[in-house]
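Asks: dropping the sequence and predicted coords here.
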Amino acid sequence: MVKGKNHSASERQMIVNAYQFFKNQREEGQGEAGRIREKVFECLETPVSTVSNQWRDQWGYFYDGLVTVHNVTYRATYLQHKVQNRDRNNNPIHPEVYLDESYVNTNHVRGTTWFVEESFENWVANRKGSEGDYHRNFDAAQFELWFTYLSQQLSI
């Protein structure tokens with residue numbers, strides 16, 4: 001199969017079936033280690049990108065390793081807690097604090113990045129002092145000091 005070629009419905013289904021076959025083998029402990037897309041490439045000589053595209057078109061996603069029972073359960077529990085912390089107007093009942101950058105737009109594009117106007121503190125992200133950026137000196141001790149301060153501010 002050639003990259004960039006329009007594949008017939010049967011060719012697309014063959015790619016998906018081969019992918020599913022290797023995935024099932026791996027889950028049953030019969031398959032070799034390695035990326036499934038590469039195994040489909042070896043079997044059908046289909047470019048890895050074509051395998052990814054066909055899988056995504058067929059199922060709506062490609063990263064099937066992320067869709068595990070544990071991850072789905074964790075996400076459902078997380079969303080349930082989020083919903084329970086909302087009032088009738090969909091505002092948080094208790095303050096929500098994000099300790100990582102999951103609340104920030106993936107591409108950090110100004111204008112689409114989340115920003116809370118009433119936040120306690122902010123700084124210029126691209127400013128670096130003589131010590132470098134905040135990642136270099138932000139260790140466990142610094143985190144504990146920062147988190148203690150944050151907790152005190154939130155309890156006011």
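Replies: In hand now; what should we look at? All values derive from a computational prediction rather than experimental measurement.
Asks: show me what the longest helix anywhere in the chain is packed against.
Replies: Across the chain, the helix with the greatest residue count (assigned by DSSP state H) is helix 9-27. In this structure, helix 9-27 packs against helix 36-44, helix 48-59, with contacts taken as 3 or more CB pairs under 8 Å, 6 or more residues apart in numbering; DSSP states H and E. Every C-beta, even on glycine, is put in place using the N, C-alpha and C of the backbone.
Asks: average pLDDT across the shortest one?
Replies: When you say that, I think you mean helix 36-44. Average pLDDT, helix 36-44: 70.
Asks: near the closest residue to M14 other than its chain neighbours, how many other residues are there?
Replies: Distance criterion CB to CB, 6 or more residues apart in numbering; nearest residue to M14, sequence neighbours excluded, is L44 at 6.9 Å. Other residues near L44 come to 16 when the count uses other CB atoms under 10 Å.
Asks: domain assignment for the chain?
Replies: For the chain, the domain assignment from automatic domain parsing gives the residue ranges 9-66, 90-154.
Asks: okay, and the helix or strand of this protein with the least pLDDT?
Replies: Least confident helix or strand, the chain: helix 134-137 with a mean of 58, by mean pLDDT, DSSP states H and E.
Asks: what's the next secondary structure element after that one?
Replies: Following helix 134-137 in sequence order, the next helix or strand is helix 140-154 (DSSP states H and E).
Asks: give me phi/psi at Y78?
Replies: Per-residue torsions, Y78: phi -60, psi -50 (degrees, to the nearest 10).
Asks: and the pLDDT for it?
Replies: On the pLDDT scale, Y78 is placed at 86.
Asks: what's the answer for N90, then?
Replies: At N90, pLDDT is 89.
Asks: next one: it from T77, what distance?
Replies: Using CB to CB, to the nearest Å, N90 is found at 20 Å from T77.
Asks: more neighbours, the two?
Replies: Between N90 and T77, T77 has the larger neighbour count (other CB under 10 Å), namely 10 against 7.
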